[in-house]
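J.: could you look at this predicted model? Sequence included:
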Amino acid sequence: QVHVVESGGGLVQAGGSLRLSCLASGLTFENYAMAWFRQAPGKEREGVSCINSGEFTSYTDSVKGRVTISRDVDKHTLTLQMNDLRPEDTAMYYCAAVRARQCGTLPYNYWGRGTEVTVSS
């Protein structure tokens, strides 16, 4: 059974940093594309970043240069390092996985419950 659990969210001042982690158990980690999504209050969910099975990464424009996605295959952990945080980064952040080599080719079918990030101005 697959379990996806996020952690690391919290309250931070603008300009600060947070490191989100996602532990994904029950799957062959290296065969999955994995991503971070976020959903702000009253807004639609959006993709933040993705890493595919070949370690290629992609980012939405609003976070480029401030956010780094990485993963540790041995520890089944996906990480999102977020720097220079802005109030508009405030959202619930979700980790997602899909058995696919590339990001965005198939719907993500494994999701965590999210970790909340709040950035104060």
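T.: Arrived safely.
J.: if we ignore the residues flanking it in sequence, what's nearest the residue nearest in space to the middle of the chain?
T.: Closest residue to the average C-alpha location of the chain: W36 at 2.3 Å, with Cα atoms, centre = their mean. Nearest non-adjacent residue to W36, counting by Cβ to Cβ, 6 or more residues apart in numbering: V48, 4.4 Å away. Every C-beta, even on glycine, is put in place using the N, C-alpha and C of the backbone.
J.: do S120 as well
T.: Per Cβ to Cβ, 6+ apart, closest to S120 is Q13, 5.4 Å.
J.: go on, G15?
T.: D84 (6.0 Å).
J.: can I assume that neighbour is in contact with V12?
T.: No: counting by Cβ atoms under 8 Å, D84 does not reach V12; the two are 10.7 Å apart.
J.: what about the strands in this structure?
T.: Ranges of strands within the chain are 3-7, 10-13, 18-25, 33-39, 46-51, 57-59, 67-72, 77-82, 91-98, 110-111, 115-120, based on DSSP state E.
J.: D84 and V12: which has the busier surroundings?
T.: V12 (17 against 13; other Cβ atoms under 10 Å).
J.: isn't E88 up against S62?
T.: Yes: in this structure, E88 is within contact of S62 by Cβ under 8 Å, at 7.5 Å.
J.: report how many residues lie close to the nearest residue to H3 once chain neighbours are set aside.
T.: Counting by Cβ to Cβ, 6+ apart, H3 lies nearest to S25, which is 4.9 Å off, once chain neighbours are set aside. By other Cβ under 10 Å, 12 other residues sit near S25.
J.: got the contact list for S25?
T.: Listed by Cβ atoms under 8 Å, 6 or more residues apart in numbering, the contact partners of S25 are V2, H3, H76.
J.: the first one against L23, yeah?
T.: No: no contact is recorded between V2 and L23 when judged using Cβ under 8 Å, the distance being 11.2 Å.
J.: the more surrounded of these two?
T.: Set V2 next to L23 and count neighbours by other Cβ under 10 Å: L23 wins out with 15 against 12.
J.: next one, pLDDT for that one please.
T.: pLDDT, the model's per-residue confidence, is 97 for L23.
J.: nothing else from me, thank you.
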